[in-house]
Structures are given as C-alpha cells and as structure tokens.
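K.L.:
build the 3D model from these lines:
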Amino acid sequence: MRRRLIQSTLAVVLVVLAVFGASLMLVESRTIEESARESVRSEAVRVASVVESRLVADEAVSARTLRTTVEGNRYVRIDVPGRAPIVFGDRPGGDVIEARQTGAHGEQVLVQQSDETVRDEVGRMLLIILAVAVLAIIAAAILAVRQAHRVVSPLTDLAETAERLGSGDPRPRHRRYGVPELDRVADVLDASAERIGRMITAERRLAADASHQLRTPLTALSMRLEEIIATADAEAPEDRALVTEEATIALAQVERLTDVVQRLLTNSRDPKSGSAVAFDLDDVVKQQTEEWKPAYRVEGRAIVRSGRTGMRAIGTPGAVAQVLATCIENALMHGGGTVALRTRATGNQVVVEISDEGPGVDSSLGSRVFERTVSGHNSTGLGLAVARDLAEADGGRLELLQLRPPVFALFLSRDTDQAT
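P.N.:
Predicted coordinates:
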C-alpha cells in the first residue's frame, strides 16, 4: 500500500507537470519570439528617427556615428537617396528576424537579428522549467513518502491491535493518529477490547465462583450419600425410614445444587437480574441447620438456631441458602465451638446472624474479608465475596458485625404484606 500511495502521488504530479509544463513552454516560446520581433521593429524605428534628425540638422550620417545607437551585434543597412548605403554589424546567416522602416526623406532602414538568439533564450527558459519540474518531483516524492508513512503506519498498528484481540489480549491501546477516519477505527477497536476484557473477566469469575460455590453443596451431598450407603442394607423399618429421609435430603441437595448453578449463570450474564420472591425464612434456616449437623457432629461441635420465628423475607431461597451455607462452612473450617444462627427483625428488614466461639477475624482484615482473594487462612478468598454478591443480587447485604467472636449478619427485605 505504501508503494501504491507513492506511485499514485508521483503519477499525479508528473501529469500536472507535463500538462502545465508543455503549456508554459509553448506560451513562453511565443512570448520570447514576439518580444524579439518587437525589439527589432523598435530598433528599426529608432534608427530611422536618428537618421532623419541628422539629415534635417545636416549632420554626418555614417556607420561610425550610428553604430552606438544600435543594441547588440545586429545587422543594419541604411539606404539614403543619393548616397551610398550605410552598413554595419555582422550579417546573420540562416533564419533571421528583420524589420524595415522608411523615413520622411525616403531613407530605408533594415535591421536584422539572428534567430539563434531567440533559440538560446528559449533553451534557457526550458532549462529553468525543467529544473523547477525536477525540484517539484523531488518535493512531491518526499511529501508522498511522508504521507504514505502517516497513513500506512497507523493501519499497520491497527492491524497489530486487531491481531492482539484475536490472540486473547484484550488490553486497549488508546492510540490516536490525528486522522479522523483512523481514530474512529481505533475507538471501535478500543471499545471492542474493553468489551472482550469484561467478557473474559466475567467468564473467569464465573468459573472461579462456580468451582467454589459448588463445593459446599457437593460436600453436603456426599455426606448424605454416605449415610444412605451405610443404611442401605438395613432391614428395620426405622432404618429404612432413615434411608428414605437421607435420600430426600440428598435430592434436596441436588435441587439446591442445580439452583446454585442456574444462579451463577444468571448473574454472569446479567448481574442485575433477579428472581426474588417472598419466602418463609424459618424453612431456609432450618434446612441449613439440619444439613450441616452431620458435619459438625463429626468435628465434635454443634450448630443451633434461635431467635424470632414466623418471619417472611424477600429474596431467592436458593441464594439465601447458599449465603448461609458459606458462612456456616467458614465457621466450621476456621471457627470453633458452637455455631449459632439467630433470626431477628429490625425495621423493614429481617436479619440472620451467624456466630461461633472461635478466634474471630483478624483486625487487620476487617471488612476486607469480603474482597476477592483476601483471606486470613490461606484459602481462596472467594466464598464471602460471592456470598455478598448473591445477597446484593436479591437486594440484601452481608455484613461483618463483630470481629471477636465473629458475627456475620445477612440482611434481607421483609415481606411487607406480612409486616402490615
């Protein structure tokens, strides 16, 4: 493309120079020739006037007295009646430019000039035009190279940017080139890069959130399945009832797991979308308490619930259950003693507090425990961050009310129909 731009620019310049140069040469040649003829005519008129004035004054008319009145080396012949011709200057050969003039006393003046003088002047003019044309071509070539570089370099840079986007590097370059059309393309590429970057970030975040959030229900599901396997061969009616109960709980785990997956996918596509409904908060708290009792029993610890009952909240039951499960699992892994879930009401909100008797949260972390990758126990640091996102998607919030002993609180909107 660079070569084509240079060649096209030089072609235009050459055409312009050819057209105007030829026209200028033709006009100037005619002008020089006409000027030479006019000069010879003027010379003849002037010599005739001088001869006439000398004749009137009865002064000598000779080649010696008249030579100084003639410019250059022109040939002059003066014929005065009754006298010998007066001739001075070299008679030119070949093509000549001549002029004749007759005076009042019958004198005849002939002035001749060689056409070679005109050709020499035309040649000098032609050399000047050629020199100007050469300089114009050189200047046009320099400007064409610079203009081609100005156009081609941004295109090369934009191509590299597009290639980077295609190779998975979505960082915008924010380069502008001073050419409106190219700057528009750069704006579009930068906007596309930012869009692709957000999409990649969302996909990576989804993968991280899914891997972390699915671990909790899968762990609980594994425990339930182990209970079913342990009692599968039981013959006593109470044991078969236990199998049925464990299977029912495992099925509920599967349903909640499906809900978690759907919730994560929905949030990854549109973080503002939600499916909040009015639900019985006691059911969710009870379900989580019963679900985690076996895990706590294995660790020699207990999980209890207390507080106000019969409250209805606005939210997504599956998401609320996942938030509570994250807090309960954190208490199991990093806390100590009994874990307590206490429900209460404050204004138009319902609150579920999760506390344990462990060492609590390091004061250097504080509310930063909700930031991604921030953890005080060498874990992934995603659990609480994702739990807060799930709570906020339902219009609620997850807060750390107390560092030691740790108290986390889930705030949800209260069902107004119930409140009235």
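
K.L.:
report the mean per-residue pLDDT for the helix or strand hosting Leu384.
P.N.:
Leu384 belongs to helix 383-393 when assigned by DSSP states H and E. In this model, helix 383-393 has an average pLDDT of 85.

K.L.:
now that helix, how far from the centre of its chain.
P.N.:
33 Å (Cα atoms, centre = their mean, to the nearest Å).

K.L.:
helix or strand right after it?
P.N.:
Heading C-terminal from helix 383-393 (DSSP H and E), you reach strand 397-402.

K.L.:
what angle do helix 383-393 and that following strand make with each other?
P.N.:
Orientation check (axes from the mean of the first three to the mean of the last three Cα atoms, to 10 degrees): strand 397-402 against helix 383-393 gives 130 degrees.

K.L.:
starting at the chain centroid, how far to the very next helix or strand once past strand 397-402?
P.N.:
Once strand 397-402 ends, the next helix or strand along the chain (criterion: DSSP H and E) is strand 407-414. The chain centre lies 43 Å from the centre of strand 407-414; the measure is Cα atoms, centre = their mean.

K.L.:
follow-up on the earlier one: pull out the buried residues from the helix holding Leu384.
P.N.:
Burial within helix 383-393, assessed by neighbour count using 16 or more other Cβ atoms under 10 Å, is assigned to Gly383, Leu384, Ala385, Val386, Ala387, Arg388, Asp389, Leu390, Ala391, Ala393. Every residue, glycine included, has its C-beta placed from N, CA and C.

K.L.:
generate JSON lines for those, with distance to Phe88 as supplementary columns.
P.N.:
JSON lines is the format used below for those (distance: Cβ to Cβ, whole Å):
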{"residue": "Gly383", "distance to Phe88": "121"}
{"residue": "Leu384", "distance to Phe88": "120"}
{"residue": "Ala385", "distance to Phe88": "115"}
{"residue": "Val386", "distance to Phe88": "117"}
{"residue": "Ala387", "distance to Phe88": "121"}
{"residue": "Arg388", "distance to Phe88": "117"}
{"residue": "Asp389", "distance to Phe88": "114"}
{"residue": "Leu390", "distance to Phe88": "119"}
{"residue": "Ala391", "distance to Phe88": "120"}
{"residue": "Ala393", "distance to Phe88": "116"}
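
K.L.:
quick one: list the elements packing against the strand or helix carrying Leu10.
P.N.:
Leu10 belongs to helix 2-56 when assigned by DSSP H and E. The contact analysis (3 or more Cβ pairs under 8 Å, 6 or more residues apart in numbering; DSSP states H and E) places helix 2-56 against helix 63-66, strand 75-79, strand 96-102, strand 108-114, helix 115-166.

K.L.:
need the residues that contact stretch 176-191.
P.N.:
The set of residues that contact stretch 176-191 without belonging to it, under Cβ atoms under 8 Å, 6 or more residues apart in numbering, is 150-151, 153-155, 157-158, 161-162, 165, 172-175.

K.L.:
and it, how far out from the chain middle?
P.N.:
On Cα atoms, centre = their mean, the centre of stretch 176-191 falls 6 Å from that of its chain.

K.L.:
quick one: secondary structure of the residue lying farthest from the centre of the chain?
P.N.:
No residue in the chain sits farther from the centre than Gly82, which is 98.9 Å out by Cα atoms, centre = their mean. Going by DSSP: H, G, I helix; E, B strand; the rest coil, the secondary structure assigned to Gly82 is coil.

K.L.:
backbone dihedrals for it, please?
P.N.:
phi 80, psi 0 (degrees, to the nearest 10).
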